[in-house]
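> model this:
(2 chains)
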Amino acid sequence: MGLELYLDLLSQPCRAIYIFAKKNGIPFQLRTVELLKGQHLSDAFAQVNPLKKVPALKDGDFTLSESVAILLYLFHKYKVPDYWYPQDLQARARVDEYLAWQHTALRRNCLRALWHKVMLPVVMGEQISSELLAATLAELDVTLQVLEDKFLQDKAFLVGPQISLADLVAITELMHPVGAGCQVFEGRPKLAAWYRRVEAAVGEDLFREAHEVILKVKDTPPADPTVKQKLMPGVLAMIR
Amino acid sequence: MGLELYLDLLSQPCRAVYLFAKKTGIPFQLHTVNLFKGQHLTEEFSQVNSLQKVPVLKDGDFFLSESSAILIYLSCRCQVGDHWYPPDLQSHARIHEYLGWHADNIRGTFGVTLWARIIAPLMGLQIPEEEVERNKTGMSQALQQLEDKFLRDKAFLMGQEMTLADLMSLEELMQPVIFGYDVFEGRPRLAAWRERVEAFLGAELWQETHAPALNFLDQWTKNTLLMLRPESYPSFLLRIARIP
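Here you go, the predicted model:
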């Protein structure tokens, strides 16, 4: 049995893995796990990942969860260009530093922006107070500034002259608020230019394909009440 | 120029870095950044880390933040045993799987006891009881997953040997224990794991690493803790507001 990836392109880390595998010609069987249908909560999926989260990887009898772990596993197992996770100790440490930072900063803000602006009100039918939404977007704004000032600075990509896992993980996060209709690049020319460089490095077609779902997220029909009930505890824990 | 580490041993990720460097015999110069006194908010420290967070590593003119990145950097740069950060494909992936899960479920959850019991009251604030209860539920769920998904019947989180993951994890769990909430109670498997990690590190290093936090608690108990500086208030308030 070859490599299997359990993904839903609605999820930002899933998009990073999808792009990484496709871009590097890594052969895999795509197993779509539709989050909004609660497929990640099924017993069948719990066999793959008992934590009931996507992304998940299955390679023979080896199963793995957590996006960064999956990206590194793919990087080490397959012959892919070194720049994704540079051999150079300090450059590699910069990628690790970014990946650790984003986990508790950008990740949280992008997720909350999407859920407070679109997913909860439009899909789940839950009203969000304008104060909460404003606070969420203000926090996102602060984090975007850190991304630009501390990580991007005047470089072409987050850790240097070439694309790395850090850029891929960052851009797929940013497409969450973009999908929600936030103008994340407005008034941030450096970040906007970086976005275009990442898109070009990945390839426009692949980039578009991976983001089709999130860019149409506002058209998602309201969730079925029984599914909603199943999903809400996980959603609330995730965006708290 | 040797390695320098900017730490406050009151902070759990700093203790993980400290334990690692000491145990593996990596020579370093220690710069203590007293968080309670707001030393991480100074202009001087912003030159070291513009994010105003500890831990930070300095190696020549290279500055690195984020505890997991620092631990990985030290593992690769210095001659430490392979077991800390195993190079084989699957074990390597397992460590990163743990670190990803840790960032979501452990980090941010186990520090709340200190804020709720000591720091917020010092600021004249009271963390609502429902938030404290929710935090306990969060800790309990995380502990269950830690036991069932990661530790299981192994000696250490990743297998028969100590890794970075054990240090990161145990120091987070020690934070509520130090400040009065014993997360090991009723969890013999996790308690036995803690004993194995402690034994591996040695009593002397263990005590030395936890002394500043215990001393902080002691001062608070005796009511001799220094007053908070006003300039620390905004960042402390932000942290408290983040308690779910």
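
> check the secondary structure at the closest residue to chain A within chain B for me.
Nearest residue of chain B to chain A (C-beta to the nearest C-beta) works out as residue B:100 at 3.2 Å. For every residue, glycine as well, the C-beta is placed using N, CA and C. Under DSSP: H, G, I helix; E, B strand; the rest coil, residue B:100 falls in the helix class.

> I figured it hits residue A:71, correct?
No. Assessed by C-beta atoms under 8 Å, residue B:100 is found out of contact with residue A:71, at 10.1 Å.

> neighbour count: these two, which is higher?
residue A:71 (25 against 21; other C-beta atoms under 10 Å in any protein chain shown).

> which parts of chain B sit against chain A?
B:50-51, B:62, B:64-69, B:72-73, B:76-77, B:89-90, B:92-97, B:99-101, B:103-104, B:107-108, B:145, B:148-149, B:244 (C-beta under 8 Å from any C-beta of the partner chain).

> kindly recompute the last result at 7 Å.
B:50-51, B:62, B:64-66, B:68-69, B:72-73, B:76-77, B:89-90, B:92-93, B:96-97, B:100-101, B:103, B:107-108, B:145, B:149, B:244 (C-beta under 7 Å from any C-beta of the partner chain).

> select only the buried ones of those in ChimeraX?
In ChimeraX, a selection of the buried entries from the residues of chain B next to chain A looks like this (16 or more other C-beta atoms under 10 Å in any protein chain shown):
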select /B:51,64,65,66,68,69,72,73,92,93,96,97,100,101,103,107,108,145,149
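
> so who does the residue of chain A at minimum distance from chain B touch?
In chain A, the residue that lies nearest chain B is residue A:66 (3.2 Å; C-beta to the nearest C-beta). Contact analysis of residue A:66 by C-beta atoms under 7 Å, 6 or more residues apart in numbering or on different chains lists B:96-97, B:100-101.

> how about residue B:29, nearest residue that isn't a chain neighbour?
Take residue B:29 and drop its neighbours on the chain: the residue closest to it by C-beta to C-beta, 6 or more residues apart in numbering or on different chains is residue B:4, 4.6 Å away.

> which helix or strand contains that neighbour?
Assigned by DSSP states H and E, residue B:4 falls within strand B:3-7.

> run through the neighbouring helices and strands of the next helix or strand after that strand.
Where DSSP H and E defines the elements, the next helix or strand beyond strand B:3-7 is helix B:12-23. For helix B:12-23, the packing partners by 3 or more C-beta pairs under 7 Å, 6 or more residues apart in numbering or on different chains; DSSP states H and E come out as strand B:3-7, helix B:67-77, helix B:164-178, helix B:203-221.

> apply 10 Å and report the result again.
strand B:3-7, strand B:28-32, strand B:56-59, helix B:67-77, helix B:164-178, helix B:188-201, helix B:203-221 (3 or more C-beta pairs under 10 Å, 6 or more residues apart in numbering or on different chains; DSSP states H and E).

> how about residue 198, what does it touch?
Going with chain A. By C-beta atoms under 10 Å, 6 or more residues apart in numbering or on different chains, residue A:198 lies in contact with A:19, A:156-158, A:163, A:167-168, A:170-172, A:174, A:207.

> sorry, should have said chain B
Residue B:198 neighbours (C-beta under 10 Å, 6+ apart): B:170, B:174, B:205-207.

> ok, now residue B:221?
residue B:118.

> next one: it, what pLDDT does it get?
With respect to pLDDT, residue B:221 scores 90.

> and if you look at residue B:230?
Per the predicted model, pLDDT is 81 at residue B:230.

> with residue B:1 instead?
pLDDT, read off for residue B:1, is 62.
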